[in-house]
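[1] The following block contains a protein sequence and its predicted model.
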Amino acid sequence: MANNDVRNLCESTQAKLKEAAGMLETFLNNYALPQLVTEEADSEVFYKGCLSDLRQLLVFSEVNYEKLGALLRRPNFPVEPSEKALYETYHQTVNAYFYPKNECYSEDGRYAYTGQDAIRFRKKPAREVRDTVLALSKIFEELREDLSYYESDYITQRRIQGERV
(Lines give C-alpha, C1' and ligand atoms only; values in the text may rest on other atoms or scores of the structure.)
Protein backbone atom coordinates (compact mmCIF):
# COMPACT_ATOMS: atom_id res chain seq x y z
CA MET A 1 0.00 0.00 0.00
CA ALA A 2 1.09 3.56 -0.59
CA ASN A 3 2.65 5.41 2.31
CA ASN A 4 -0.18 7.96 2.50
CA ASP A 5 -2.87 5.26 2.31
CA VAL A 6 -1.34 3.37 5.22
CA ARG A 7 -1.07 6.56 7.28
CA ASN A 8 -4.71 7.49 6.58
CA LEU A 9 -5.84 3.97 7.46
CA CYS A 10 -3.86 4.12 10.71
CA GLU A 11 -5.48 7.45 11.59
CA SER A 12 -9.03 6.27 10.88
CA THR A 13 -8.42 2.97 12.68
CA GLN A 14 -7.05 4.79 15.70
CA ALA A 15 -10.11 7.07 15.80
CA LYS A 16 -12.48 4.08 15.65
CA LEU A 17 -10.54 2.26 18.37
CA LYS A 18 -10.73 5.35 20.56
CA GLU A 19 -14.50 5.52 20.07
CA ALA A 20 -14.92 1.80 20.85
CA ALA A 21 -12.66 2.02 23.92
CA GLY A 22 -14.66 5.01 25.18
CA MET A 23 -17.95 3.14 24.85
CA LEU A 24 -16.53 0.04 26.52
CA GLU A 25 -14.96 1.99 29.36
CA THR A 26 -18.16 3.90 30.03
CA PHE A 27 -20.18 0.69 30.10
CA LEU A 28 -17.70 -1.23 32.27
CA ASN A 29 -17.36 1.67 34.72
CA ASN A 30 -21.12 1.90 35.15
CA TYR A 31 -22.18 -1.75 35.28
CA ALA A 32 -20.98 -4.64 37.40
CA LEU A 33 -22.02 -8.26 37.68
CA PRO A 34 -24.49 -7.76 40.59
CA GLN A 35 -26.37 -5.11 38.59
CA LEU A 36 -26.82 -7.37 35.57
CA VAL A 37 -27.55 -10.76 37.12
CA THR A 38 -31.21 -11.74 37.21
CA GLU A 39 -33.11 -14.64 38.71
CA GLU A 40 -32.90 -16.61 35.46
CA ALA A 41 -30.91 -19.83 35.39
CA ASP A 42 -27.32 -19.38 34.19
CA SER A 43 -27.68 -15.60 34.29
CA GLU A 44 -24.54 -15.16 36.38
CA VAL A 45 -22.46 -17.40 34.11
CA PHE A 46 -23.73 -15.53 31.03
CA TYR A 47 -22.90 -12.09 32.39
CA LYS A 48 -19.52 -13.16 33.81
CA GLY A 49 -18.54 -14.34 30.35
CA CYS A 50 -19.97 -11.28 28.68
CA LEU A 51 -18.19 -8.84 31.00
CA SER A 52 -14.96 -10.80 30.63
CA ASP A 53 -15.17 -10.59 26.83
CA LEU A 54 -15.91 -6.85 26.95
CA ARG A 55 -12.96 -6.23 29.32
CA GLN A 56 -10.66 -8.15 26.99
CA LEU A 57 -11.98 -6.17 24.01
CA LEU A 58 -11.30 -2.94 25.90
CA VAL A 59 -7.71 -3.98 26.57
CA PHE A 60 -7.10 -4.94 22.92
CA SER A 61 -8.68 -1.68 21.75
CA GLU A 62 -6.54 0.44 24.06
CA VAL A 63 -3.30 -1.43 23.31
CA ASN A 64 -3.76 -1.14 19.55
CA TYR A 65 -4.87 2.48 19.86
CA GLU A 66 -1.63 3.28 21.70
CA LYS A 67 0.47 1.29 19.24
CA LEU A 68 -0.99 3.18 16.27
CA GLY A 69 -0.60 6.49 18.10
CA ALA A 70 3.09 5.85 18.72
CA LEU A 71 3.63 5.07 15.04
CA LEU A 72 1.69 8.13 13.89
CA ARG A 73 3.72 10.44 16.15
CA ARG A 74 7.03 9.47 14.58
CA PRO A 75 8.58 12.19 12.40
CA ASN A 76 9.16 9.73 9.53
CA PHE A 77 6.09 7.54 9.23
CA PRO A 78 7.19 3.86 9.28
CA VAL A 79 5.10 1.93 6.75
CA GLU A 80 6.09 -1.68 7.57
CA PRO A 81 5.59 -1.44 11.35
CA SER A 82 2.30 0.36 10.70
CA GLU A 83 1.09 -2.41 8.41
CA LYS A 84 2.02 -4.92 11.10
CA ALA A 85 0.10 -2.88 13.69
CA LEU A 86 -2.96 -2.83 11.41
CA TYR A 87 -2.66 -6.59 10.95
CA GLU A 88 -2.50 -7.07 14.73
CA THR A 89 -5.47 -4.75 15.20
CA TYR A 90 -7.49 -6.89 12.83
CA HIS A 91 -6.46 -10.18 14.36
CA GLN A 92 -6.64 -9.13 17.99
CA THR A 93 -9.30 -6.48 18.34
CA VAL A 94 -11.69 -7.09 15.45
CA ASN A 95 -11.59 -10.85 15.95
CA ALA A 96 -12.07 -10.40 19.72
CA TYR A 97 -15.31 -8.59 18.97
CA PHE A 98 -16.69 -10.96 16.35
CA TYR A 99 -15.48 -14.16 18.03
CA PRO A 100 -15.78 -13.61 21.79
CA LYS A 101 -14.17 -16.27 23.93
CA ASN A 102 -17.25 -16.91 26.06
CA GLU A 103 -19.66 -16.78 23.12
CA CYS A 104 -22.31 -14.67 24.85
CA TYR A 105 -23.14 -13.36 21.40
CA SER A 106 -22.22 -14.24 17.86
CA GLU A 107 -22.60 -12.83 14.40
CA ASP A 108 -25.25 -14.36 12.17
CA GLY A 109 -24.32 -13.33 8.65
CA ARG A 110 -27.79 -14.12 7.34
CA TYR A 111 -29.08 -10.95 8.99
CA ALA A 112 -26.33 -8.69 7.68
CA TYR A 113 -28.07 -8.28 4.32
CA THR A 114 -31.54 -7.64 5.70
CA GLY A 115 -30.78 -4.41 7.51
CA GLN A 116 -31.28 -6.13 10.85
CA ASP A 117 -28.63 -6.47 13.52
CA ALA A 118 -26.37 -9.39 12.68
CA ILE A 119 -25.42 -9.90 16.34
CA ARG A 120 -27.39 -12.63 18.10
CA PHE A 121 -27.15 -13.20 21.84
CA ARG A 122 -27.08 -16.65 23.43
CA LYS A 123 -29.57 -15.43 26.06
CA LYS A 124 -31.68 -12.31 26.20
CA PRO A 125 -29.33 -9.72 27.74
CA ALA A 126 -30.03 -6.66 29.82
CA ARG A 127 -30.86 -3.60 27.71
CA GLU A 128 -27.53 -1.92 28.60
CA VAL A 129 -25.47 -4.91 27.44
CA ARG A 130 -27.47 -5.25 24.24
CA ASP A 131 -27.22 -1.55 23.39
CA THR A 132 -23.46 -1.46 24.02
CA VAL A 133 -22.67 -4.59 22.00
CA LEU A 134 -24.86 -3.47 19.10
CA ALA A 135 -23.37 0.03 19.10
CA LEU A 136 -19.92 -1.53 18.99
CA SER A 137 -20.93 -3.71 16.06
CA LYS A 138 -21.14 -0.67 13.78
CA ILE A 139 -17.59 0.37 14.69
CA PHE A 140 -16.15 -3.12 14.35
CA GLU A 141 -17.94 -3.80 11.07
CA GLU A 142 -16.27 -0.69 9.66
CA LEU A 143 -12.91 -1.76 11.06
CA ARG A 144 -13.31 -5.25 9.60
CA GLU A 145 -14.14 -3.78 6.22
CA ASP A 146 -11.22 -1.31 6.36
CA LEU A 147 -8.69 -3.87 7.55
CA SER A 148 -9.81 -6.95 5.61
CA TYR A 149 -6.72 -6.60 3.41
CA TYR A 150 -4.60 -7.47 6.41
CA GLU A 151 -6.44 -10.73 7.02
CA SER A 152 -4.61 -12.61 4.28
CA ASP A 153 -2.78 -10.36 1.84
CA TYR A 154 -0.43 -8.93 4.45
CA ILE A 155 0.67 -12.42 5.51
CA THR A 156 1.05 -13.56 1.90
CA GLN A 157 3.13 -10.49 1.12
CA ARG A 158 5.42 -11.14 4.09
CA ARG A 159 5.85 -14.81 3.18
CA ILE A 160 6.75 -13.90 -0.40
CA GLN A 161 9.44 -11.63 1.02
CA GLY A 162 10.77 -14.61 2.97
CA GLU A 163 9.76 -13.40 6.42
CA ARG A 164 8.29 -15.60 9.12
CA VAL A 165 4.96 -14.37 10.36
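    Cool, got the structure. Since we're looking at a predicted model, the values are computed, not measured.
[2] which SSE is the residue nearest to Asn30 when sequence neighbours are not counted in?
    Counting by CB to CB, 6 or more residues apart in numbering, Glu128 is the residue found nearest to Asn30 once chain neighbours are left out, at 7.9 Å. For every residue, glycine as well, the C-beta is placed using N, CA and C. Element membership for Glu128, per DSSP states H and E: helix 127-147.
[3] same thing with Phe46?
    Judged by DSSP H and E, Phe46 forms part of helix 43-73.
[4] With Tyr150 as the reference, measure out to Asn3.
    Distance of Asn3 to Tyr150, computed by CB to CB, to the nearest Å: 16 Å.
[5] How about Ser137?
    Taking CB to CB, one finds Ser137 at 20 Å from Tyr150.
[6] Mind checking which of Asn3 and Tyr150 has more residues around it?
    Tyr150 (22 against 11; other CB atoms under 10 Å).
[7] Spatially nearest residue to the more buried one, not counting backbone neighbours?
    Distances taken as CB to CB, 6+ apart place Tyr87 nearest to Tyr150, at 4.2 Å, with adjacent residues excluded.
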